[in-house]
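Asks: build me a structure from this.
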Amino acid sequence: MENFKAYNPTRLHFGKGVISELGAAASAFGKKALLVYGKGSVLKNGSYEDTVDQLRGNNIEIVEYNGIKPNPVVTAVDEAAKTGITENVDMVVAVGGGSVIDSAKVIAVCISEKASGWEIMTGNHPTRNALPLVAVLTLAATGTEMNQVAVLQNHDTDEKIGFRNEAMFPRHSFLDPTYYMTVPRDYTAYGIADLVAHSLEAWFGEGNAGLSDRFVISIIQEALEIGPRLINNPGNYEYRERIMWAATCALNDTTMHGRVSGDWGVHGLGHTLSYLYDTPHGATLSILYPAWMRRMGRKYPDRIIQLGKTLFNVDSAEMTASSFESYFSELGSPVKAAEAGIQDEQKTNILTLMNKKKITGMHYKLDKEDRQAIVEMI
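Replies: Prediction:
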């Protein structure tokens, strides 16, 4: 195995009604909270009201910042951080999915460090501290609720990038599958595609880590089994809770111990589609991962074939890619760019930006020819 460090300070509260513990948990951090959320879904699923009740019930003053969008932007982070600094808040409370919690992580750093969001994201300002962050998750997808990673985009620099720092672990995360029940089928599917992609990134890491491989396979098998059931029965609480827990486990570092793991280019490629066309993140991954496997199967077939044999009982990289493609289609997540409203004539712009950013990934590195071949396949 590769050398690794295991560390996860997030206290996870999972299950129906766990929000009742939020007020007491937040009280340990002070008496004034910046409440960050998106554009409306939290007002419909009860998570906003429940969170506000918990904070007010524990005499915590609330300052609100709303309107965080999917594929979150750094300008919103800077606006929210300015509000938090002006109001002298003690903590950040995030209610929503990955976009909201990612934004809140950087907001918490910006308030503490008195820095801009892009200074933090690019590493141009040393990140040492962050305000305490309490997260209430409403969408199973990114795993941000139990990790130290955030992704933001910047329209001034034409970039969508990730940043990792231990200061950004949430102190507490509350996962009540009840709040996930109202997520529509398409975004449910995108979230499942995202958790599978995170598992694949661990699988394709450098090094030999058999136990971590077993964790990865188990998470993907859970998604293969439960994902289609959930899509066909979106009101089933058991299916919701199982997918929500699988998404958390897919990116809380458990699957990555003993490997050098990260993005093998697929997330970077997907960020290009999200940036250019506002394509939902999970949808970009279901489009790009089969194409990536087909291309990398020509260079590095062994690991892809091993995956296919274990999950689908197939014996080639092409059949492995096709099996994942079929699965994503069954969920209702797009597997071709056209299904996401991206036309062939737009692929030139996609490739130009990918090459400009020199998207490559780790371990199995992409070159210019790889990027072109992948774009042609989608």
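Asks: where do the domain boundaries of this structure fall?
Replies: Using automatic domain parsing, the domain parsing of the chain gives 11-180, 185-377.
Asks: quick one: closest of these to residue 1.
Replies: Of all the domains of the chain, domain 185-377 sits nearest to residue 1, with 3.5 Å by CB to CB. Any C-beta I mention is one placed from the backbone N, CA and C, and that applies to glycine too.
Asks: now that closest one, how far from the chain's geometric center?
Replies: From the chain centre to the centre of domain 185-377 is a distance of 12 Å (CA atoms, centre = their mean, to the nearest Å).
Asks: now do the end-to-end distance for that domain.
Replies: Start-to-end span of domain 185-377 (CA to CA, to the nearest Å) is 26 Å.
Asks: now mean neighbour count too, for the domains of the chain, in CSV please.
Replies: Formatted as CSV, the domains of the chain follow (neighbours: other CB atoms under 10 Å):
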stretch, mean neighbour count
domain 11-180, 21
domain 185-377, 20
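Asks: looking at those domains, which is closest to residue 3?
Replies: Between residue 3 and those, the tightest spacing by CB to CB is seen for domain 185-377, at 8.6 Å.
Asks: redo the domains of the chain as CSV? Include mean pLDDT.
Replies: Shown next, in CSV, are those (pLDDT from 0 to 100):
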stretch, mean pLDDT
domain 11-180, 97
domain 185-377, 95
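Asks: out of those domains, which gets nearest to residue 2?
Replies: domain 185-377 (3.8 Å).
Asks: returning to what we had before: turn the domains of the chain into CSV, including distance to residue 3.
Replies: CSV is the format used below for those (distance: least, CB to CB, whole Å):
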stretch, distance to residue 3
domain 11-180, 17
domain 185-377, 9
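Asks: among the ones you listed, which comes closest to residue 5?
Replies: domain 185-377 (8.8 Å).
Asks: quick one, phi psi at residue 60?
Replies: As for residue 60, its main-chain torsions (degrees, to the nearest 10) stand at phi -100, psi 120.
Asks: mind listing what it touches?
Replies: By CB atoms under 8 Å, 6 or more residues apart in numbering, the contact set of residue 60 is 23, 26, 27, 30, 31, 32, 33.
Asks: host element of the nearest residue to residue 129 once chain neighbours are set aside?
Replies: Of all residues not flanking residue 129 in the chain, residue 112 sits nearest, at 4.5 Å (CB to CB, 6 or more residues apart in numbering). In this structure, residue 112 sits in helix 98-113 according to DSSP states H and E.
Asks: what is the helix or strand just after that helix packed up against?
Replies: Downstream of helix 98-113, the next assigned helix or strand under DSSP H and E is helix 117-121. Identification of packing neighbours for helix 117-121 by 3 or more CB pairs under 8 Å, 6 or more residues apart in numbering; DSSP states H and E yields helix 74-87, helix 98-113, strand 149-154, strand 159-164.
Asks: can you give me the angle the third one makes with helix 98-113?
Replies: Okay, so that is strand 149-154. Interaxial angle of strand 149-154 relative to helix 98-113 (axes from the mean of the first three to the mean of the last three CA atoms, to 10 degrees): 90 degrees.
Asks: sorry, back to before: closest to residue 12 out of the helices and strands packed on helix 117-121?
Replies: Once the helices and strands packed on helix 117-121 are compared by CB to CB, helix 98-113 is nearest, at 13.0 Å.
Asks: so the residue nearest to residue 129 sits against residue 132, correct?
Replies: No - counting by CB atoms under 8 Å, residue 132 is not a contact partner of residue 112; they are 9.6 Å apart.
Asks: excluding chain neighbours, what is closest to the residue most central in space within the chain?
Replies: The residue lying closest to the centre of the chain (CA atoms, centre = their mean) is residue 142, at 2.3 Å. In space, and not counting its chain neighbours, residue 142 is closest to residue 98: 3.2 Å by CB to CB, 6+ apart.
Asks: list the contacts for that neighbour?
Replies: Per CB under 8 Å, 6+ apart, neighbours of residue 98: 139, 141, 142, 143, 144, 281.
Asks: show me the contacts for residue 168.
Replies: For residue 168, the contacting residues are 105, 106, 108, 109, 127, 130, 133, 148, 149, 150, by CB under 8 Å, 6+ apart.
Asks: pretty sure the second one sits against residue 77.
Replies: Going back to what we said before, that points to residue 106. Yes - applying CB under 8 Å, one finds residue 106 in contact with residue 77, separated by 5.0 Å.
Asks: name the residues contacting each of those two.
Replies: Jointly contacting residue 106 and residue 77 under the rule CB under 8 Å, 6+ apart are 117, 152.
Asks: okay, the angle between the helix holding residue 112 and strand 159-164?
Replies: Using the same axes, to 10 degrees, the inter-axis angle of helix 98-113 relative to strand 159-164 is 70 degrees.
Asks: now do helix 98-113: distance to the chain's middle.
Replies: Remark: helix 98-113 is offset 14 Å from the chain centroid, using CA atoms, centre = their mean.
Asks: what's the angle between it and helix 74-87?
Replies: With the same axes, to 10 degrees defining the directions, helix 98-113 sits at 50 degrees from helix 74-87.
Asks: how much space between residue 197 and residue 297?
Replies: 17 Å (CB to CB, to the nearest Å).
Asks: using CSV, write down the CA coordinates of stretch 359-375.
Replies: C-alpha atoms of stretch 359-375 as CSV (Å, rounded to 0.1, in the frame of the first residue of the first chain):
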residue,chain,number,x,y,z
ILE,A,359,-6.9,18.8,-18.1
THR,A,360,-5.0,15.6,-17.4
GLY,A,361,-5.8,13.9,-14.1
MET,A,362,-3.6,11.8,-11.9
HIS,A,363,-1.9,8.4,-12.5
TYR,A,364,-3.6,7.7,-15.8
LYS,A,365,-2.8,11.0,-17.4
LEU,A,366,-4.7,12.5,-20.4
ASP,A,367,-2.9,14.1,-23.2
LYS,A,368,-4.2,16.3,-26.1
GLU,A,369,-5.0,13.3,-28.2
ASP,A,370,-6.9,11.6,-25.3
ARG,A,371,-9.0,14.7,-24.8
GLN,A,372,-9.9,14.9,-28.4
ALA,A,373,-10.8,11.2,-28.6
ILE,A,374,-13.0,11.5,-25.5
VAL,A,375,-14.8,14.6,-26.7
